[in-house]
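> Sequence and predicted structure are below.
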Amino acid sequence: MSISFAEITQWLGLFWWPFMRISGVFMFAPIFGDGSVPMKVRLSLAVVMAMLVAPLIAPQPAIDPFSLQAIILSVTQLLWGLFFGFLFQIFFTIFTTIGQTISVQMGLAMAVMNDPANGVSVAIIGRLFLFACTLLFLAFDGHLAILALMVESFTIWPIKQGFSLGSLALIISMMVWMFASAFAIAIPAIAAMLIANASFGFMNKAAPSLNVFALGFPMTMLLGLFALLISFSGIGSIYFEILMQAIKFARSYMIGGIQ
């Protein structure tokens with residue numbers, strides 16, 4: 001039995017194109033793309049997922065692996081996966097932004113923790129929100145939702161489809177949604193801190209001899225912790241709604257990619 005070069009390239013394509021897309025997702029997606037996960041582990045997961053997904057994909061036209069078309073297609077699949085993972089990374093950034101905003105209002109702007117996984121310094125309250133977000137993400141099977149959407153993407157957004165302006169515009173609109181959601185959730189704590197600071201300002205005006213700074217800082221922190229407790233009490237339902245919205249954005253991104 002003779003096997004032609006076209007058949008070999010077609011078999012390789014069934015594995016290689018999904019591998020590039022899945023690798024891009026695992027580079028940026030939450031949990032999978034965390035800096036604490038070694039690169040070898042991510043690539044190994046991408047290889048396993050590509051082998052599982054390959055039989056589910058419709059046969060692809062044979063493409064010369066050494067041609068310019070193959071290079072462009074590989075880069076396109078990698079970029080698509082990176083943007084897809086970035087959509088869910090934006091979802092995590094919402095809660096980090098909430099924590100950092102509350103930290104500033106509480107007077108804890110200088111209380112930061114080094115994040116060796118991402119190589120940045122994060123406000124201590126932001127780190128707390130990020131930790132809670134990660135636990136809730138796993139509890140709601142968010143990592144499984146990413147894998148399911150990734151597999152579904154090969155049907156909704158075929159391999160040989162290109163990017164559309166709608167997909168890029170959706171990413172920009174989701175970034176706007178990120179800041180709007182973070183601000184909306186943090187409004188109660190921000191309002192409480194502003195009222196407290198305004199009250200201390202009136203106290204300082206009414207009684208200049210009173211050391212408002214010595215009294216205000218611990219009171220502001222105490223009020224901030226109380227507002228933080230209120231924020232955490234309802235974070236579960238809010239988190240689920242935002243997660244559903246993020247999944248909706250991901251589906252729209254896949255549909256928008258079809259030209």
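Done, it's in.
> Mind telling me what element the closest residue to residue 171 other than its chain neighbours is part of?
Computed as Cβ to Cβ, 6 or more residues apart in numbering, the closest residue to residue 171 that is not its neighbour in sequence is residue 83, at 6.2 Å. Using the backbone N, CA and C atoms, a C-beta is placed for each residue, glycine as well. Here residue 83, judged by DSSP states H and E, is contained in helix 68-106.
> and that helix, how far from the chain's centre?
Chain-centre distance of helix 68-106: 5 Å, with Cα atoms, centre = their mean, to the nearest Å.
> Report the rounded mean pLDDT for it.
Mean pLDDT, helix 68-106: 82.
> cool, stretch 25-44 as well?
When pLDDT is averaged along stretch 25-44, the result is 84.
> got it, and stretch 231-245?
Mean predicted lDDT for stretch 231-245 stands at 76.
> So which residues of the stretch 151-259 of the chain form helices?
165-206, 212-233, 235-256 (DSSP state H, counting those that start in this stretch).
> Of the ones you listed, which is nearest residue 149?
Distance to residue 149, taken as Cβ to Cβ, is lowest for helix 235-256 among the helices of the stretch 151-259 of the chain, at 5.4 Å.
> List the buried residues in the closest one.
For helix 235-256, burial by neighbour count (16 or more other Cβ atoms under 10 Å) applies to 235, 239, 242-243, 246-247, 249-250, 252-254, 256.
> Just the C-alphas of that helix, formatted as CSV.
Coordinates of each C-alpha in helix 235-256 appear next as CSV, following Å, rounded to 0.1, in the frame of the first residue of the first chain:
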residue,chain,number,x,y,z
ILE,A,235,-19.7,37.5,45.6
GLY,A,236,-20.9,34.0,44.7
SER,A,237,-24.0,35.0,42.8
ILE,A,238,-22.2,38.0,41.2
TYR,A,239,-19.3,35.8,40.2
PHE,A,240,-21.6,33.3,38.5
GLU,A,241,-23.4,36.0,36.6
ILE,A,242,-20.1,37.5,35.4
LEU,A,243,-18.8,34.0,34.5
MET,A,244,-21.9,33.4,32.3
GLN,A,245,-21.3,36.7,30.7
ALA,A,246,-17.7,35.8,30.0
ILE,A,247,-18.8,32.5,28.4
LYS,A,248,-21.3,34.5,26.3
PHE,A,249,-18.5,36.7,25.1
ALA,A,250,-16.4,33.7,24.3
ARG,A,251,-19.2,32.2,22.1
SER,A,252,-19.7,35.6,20.4
TYR,A,253,-16.0,35.7,19.7
MET,A,254,-16.2,32.3,18.1
ILE,A,255,-19.2,33.3,16.0
GLY,A,256,-17.7,36.6,15.1
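> All set, thanks.
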